[in-house]
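Trainee: kindly return the folded structure for what I paste below:
(one chain, ligands or ions: 1)
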Amino acid sequence: MAAPKPPTTTRIQRGINSVIFSPPERNPENNGSSAFYKLGECQDCEALNATLLARIELLTENEIFHRNHFLGGRYENLYVVLDAIPEMRVILDLATAQAAHILDQPKKELVIGWWLNIMRPGDYTYPHTHDDADELLSGVYYIVVPPRSGKLLLTKGSQRAEVEPRAGRIVYFKPDVLHEVMRNESDGSRISIGFNVGPVQT
Ligand SMILES: [Fe+2]
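Mentor: As a prediction, the model looks like this:
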């Protein structure tokens, strides 16, 4: 297999310039189950996602500095050196800004942690929560979503929602929301990042 080409400066620049997130509460799909999750969209984000994918394909073992959640034969969470995917800062910054809006807290008082999730054909992401620390808000951003690569299932008490993933979509939910991803029935990998937003430690 030919090695993937590194992203060009043009693609990087176009990606950064083209990102626009809609405020989550304006998304009509939030109606009904908006109490425990919110959606945002990265509009015209194809170039940015292509750049992120190219960077991910070039990652070396050393740039993945930690792996955890070994379930179903894979590590669900891959912790990557941010300098290996510098364009991810665009997503992280906007996710933090939207989290500040959702939480009604100043952005400067919040910090975001993130990890990469690569689901190959046949993979699941098992049910879990993110409430094991002082997190305030959790979420996922989709970079590559082949058709039929697994819906996101969210459960909180008697509330249950199925969220259709698509590239450029961002989903926010409280850290104690139980969530899982259905089996990837496609023949391609589904790539997303998970994140937690918490208070800046003083
Ligand atoms: Fe998760």
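
Trainee: can we go C-alpha only for contacts and neighbour counts from here?
Mentor: Will do.

Trainee: and L116, that one's in a strand?
Mentor: Yes - counting by DSSP: H, G, I helix; E, B strand; the rest coil, L116 falls inside a strand.

Trainee: list the contacts for the spatially closest residue to it that is not a sequence neighbour?
Mentor: Leaving out its chain neighbours, the residue that sits closest to L116 by Cα to Cα, 6 or more residues apart in numbering is I193, at 4.5 Å. Contact partners of I193, counting by Cα atoms under 8 Å, 6 or more residues apart in numbering, are 114-117, 140-143.

Trainee: partners of the helix or strand hosting T155 in the sheet?
Mentor: Counting by DSSP states H and E, the element that carries T155 is strand 152-156. When pairing is defined by DSSP bridges, strand 152-156 lines up against strand 159-163 (antiparallel), strand 178-181 (antiparallel).

Trainee: just those strands: most buried one?
Mentor: For the strands paired with strand 152-156, the largest average neighbour count (mean count of other Cα atoms under 10 Å) is found in strand 178-181, namely a mean of 20.

Trainee: tell me which helix or strand comes right after that one.
Mentor: Criterion used, DSSP H and E; the element after strand 178-181 is strand 190-199.

Trainee: how far does that next one sit from its chain's centre?
Mentor: 5 Å (Cα atoms, centre = their mean, to the nearest Å).

Trainee: pull the CA atoms of it into CSV?
Mentor: C-alpha atoms of strand 190-199 as CSV (Å, rounded to 0.1, in the frame of the first residue of the first chain):
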residue,chain,number,x,y,z
ARG,A,190,-14.9,5.2,11.4
ILE,A,191,-12.7,7.9,13.0
SER,A,192,-13.7,10.3,15.7
ILE,A,193,-12.3,12.0,18.7
GLY,A,194,-13.8,11.8,22.2
PHE,A,195,-13.3,14.7,24.6
ASN,A,196,-14.0,15.8,28.2
VAL,A,197,-14.2,19.4,29.3
GLY,A,198,-13.4,20.2,32.9
PRO,A,199,-12.4,23.1,35.1
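
Trainee: any weak-confidence spans in this protein?
Mentor: Where the chain drops to pLDDT under 70, the residues are 1-35.
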